[in-house]
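Colleague: here is a sequence together with a model predicted from it:
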Amino acid sequence: MKFVNREDEIKYLHNHFKSEPNSLLFLYGPKSSGKSTLLSKVVNEIDTKKYVVNFLDLREMLIYNFDSFIDRFFPKTLYGKVQDLADGITFNIGFFGINLKSDEKLLQQNPFKLMGDKLRSAKEKNKQPIIIIDEIQLLKNIYINGERYLLDELFNLFIRLTKVTHTAHIILATSDSYFIEEIYNSAKLMQTSEFYFIDHFNREEVYRWLTAEGFTQNEIENVWKNIGGSPWEIQQILQKITNGLSVKQACEFYINEKYGKISYYRSEILDYKTINEFDRINKNIVEKGAYIRNDNEKPLIISPLIKDMVTHDFWSIDLSDD
């Protein structure tokens, strides 16, 4: 995807990496706001003489239980070939190569300790480790031996690597803002984490972008009113125009597609109270650009409808003012 704007966000992340690791960084925002594109750009600008970066996009990995997690984080293709973190930057090829003779037993007994050992080994070679996991919420329902959540064990490790030992920078990205809401409620993570919101583009940014693409003012206004500031979805509009559609036709195609999905979801709701809530919130979003919970609503109480809509990427929660 073409990279547009985000100078402030790029500067923030580069400054974060220059500082001593001291907290988890949760990067969150609505679907298609450009989080993955932003992270990829920043990572590719990093000086590999100073940093080793391991980037894992969980959307491209099938991790459904603890064994598949082990296979992805310690891939067999690297067994015996890599004893420490790879130099430079790796994308989606696993985080930690192991030595069969010395590491296999520890891998089976305590993979989290082995992760820490590998990161400390890189640190001792004067390379600052950076771990980035995109769509981290995809691990939240995986158990270890049917007793403990995998994500809880990872968080414990990541807190130790950042807050306690200052070994590695850990960035966890997600488009599931309800997942972030749950983290806001965790006292342990609140005291050890930073949260950075990546929003869609505002009107001025959309105008600047599409003006540079040669759009007329009326065409830009059509995109803004119907599509908003989602970078990915504007890219789709540009692609449809490249394929021969007009701006109006491209926007109508997008609207009809989204309307069909949300109408189907509404038809599956069985009780009138939830339907009324659904219609009320959608009306606010269409008319005002957002649904803002009023002062009488408890700020951290979320209805099952909102939870479901956020989890399925229909809506997104901005917690930056809470």
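Modeller: Yep, that arrived.
Colleague: quick one: residue 144 and residue 66, what's the gap?
Modeller: Taking C-beta to C-beta, to the nearest Å as the measure, residue 144 falls 5 Å from residue 66. For glycine as for every other residue, the C-beta is placed from the backbone atoms N, C-alpha and C.
Colleague: please apply the same query to residue 213.
Modeller: From residue 213 to residue 66 the distance is 47 Å (C-beta to C-beta).
Colleague: these two: which is more packed in?
Modeller: residue 66 (17 against 14; other C-beta atoms under 10 Å).
Colleague: residue contacts, that one?
Modeller: Contact analysis of residue 66 by C-beta atoms under 8 Å, 6 or more residues apart in numbering lists 142-145, 150.
Colleague: one more time with 7 Å, if that's ok
Modeller: Neighbouring residues of residue 66 by C-beta atoms under 7 Å, 6 or more residues apart in numbering: 142, 144, 150.
Colleague: for residue 268, same thing?
Modeller: So residue 268 contacts nothing (C-beta under 7 Å, 6+ apart).
Colleague: can you give me the strands in the chain?
Modeller: 24-28, 51-57, 89-91, 128-134, 143-144, 148-149, 169-174, 193-197 (DSSP state E).
Colleague: ranking the ones you listed by burial, who's on top?
Modeller: strand 169-174 (a mean of 24; mean count of other C-beta atoms under 10 Å).
Colleague: next, the angle from it to strand 51-57.
Modeller: Counting by axes from the mean of the first three to the mean of the last three C-alpha atoms, to 10 degrees, strand 169-174 points 20 degrees away from the direction of strand 51-57.
Colleague: strand 169-174 pairs with which strands, parallel or anti?
Modeller: strand 24-28 (parallel), strand 128-134 (parallel) (DSSP bridges).
Colleague: between those strands, which gets nearest to residue 55?
Modeller: Counting by C-beta to C-beta, residue 55 lies closest to strand 128-134 out of these; the figure is 4.6 Å.
Colleague: so what touches that closest one?
Modeller: 17, 36, 39, 43, 50-58, 85, 95, 119, 122-123, 167-173.
Colleague: if you set the cut-off to 6 Å instead, what comes out?
Modeller: Defining contact as C-beta atoms under 6 Å, 6 or more residues apart in numbering, one finds that strand 128-134 is touched by 36, 39, 51-57, 119, 122, 168-173.
Colleague: I'd guessed residue 281 sits against residue 292; true?
Modeller: No - using C-beta atoms under 6 Å, residue 281 is not in contact with residue 292; the gap is 10.3 Å.
Colleague: if we can go back for a sec, can you redo the strands paired with strand 169-174 as TSV with mean pLDDT and distance to residue 73?
Modeller: Converted to TSV, the strands paired with strand 169-174 look like this (pLDDT from 0 to 100; distance: least, C-beta to C-beta, whole Å):
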stretch	mean pLDDT	distance to residue 73
strand 24-28	94	18
strand 128-134	92	10
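Colleague: and the longest helix along the chain, what does it pack onto?
Modeller: Looking across the chain with DSSP state H, the single longest helix is helix 247-267. In terms of contacts (3 or more C-beta pairs under 6 Å, 6 or more residues apart in numbering; DSSP states H and E), helix 247-267 is packed against helix 217-226, helix 231-242.
Colleague: check which residues of the last one are buried.
Modeller: The neighbour-count check on helix 231-242 (16 or more other C-beta atoms under 10 Å) flags 231, 233-238, 240-241 as buried.
Colleague: look at residue 281 and residue 292 and report which has more neighbours.
Modeller: Legend: neighbour count by other C-beta under 10 Å for residue 281 and residue 292, higher for residue 281 (18 against 10).
Colleague: so how many other residues sit close to the closest residue to the more buried one other than its chain neighbours?
Modeller: Nearest in space to residue 281, with sequence neighbours left out and distances taken as C-beta to C-beta, 6 or more residues apart in numbering, is residue 291 at 4.6 Å. Counted by other C-beta under 10 Å, the residues lying close to residue 291 total 16.
Colleague: test my guess that residue 291 contacts residue 282.
Modeller: No - between residue 291 and residue 282 there is no contact under C-beta under 6 Å: 8.2 Å.
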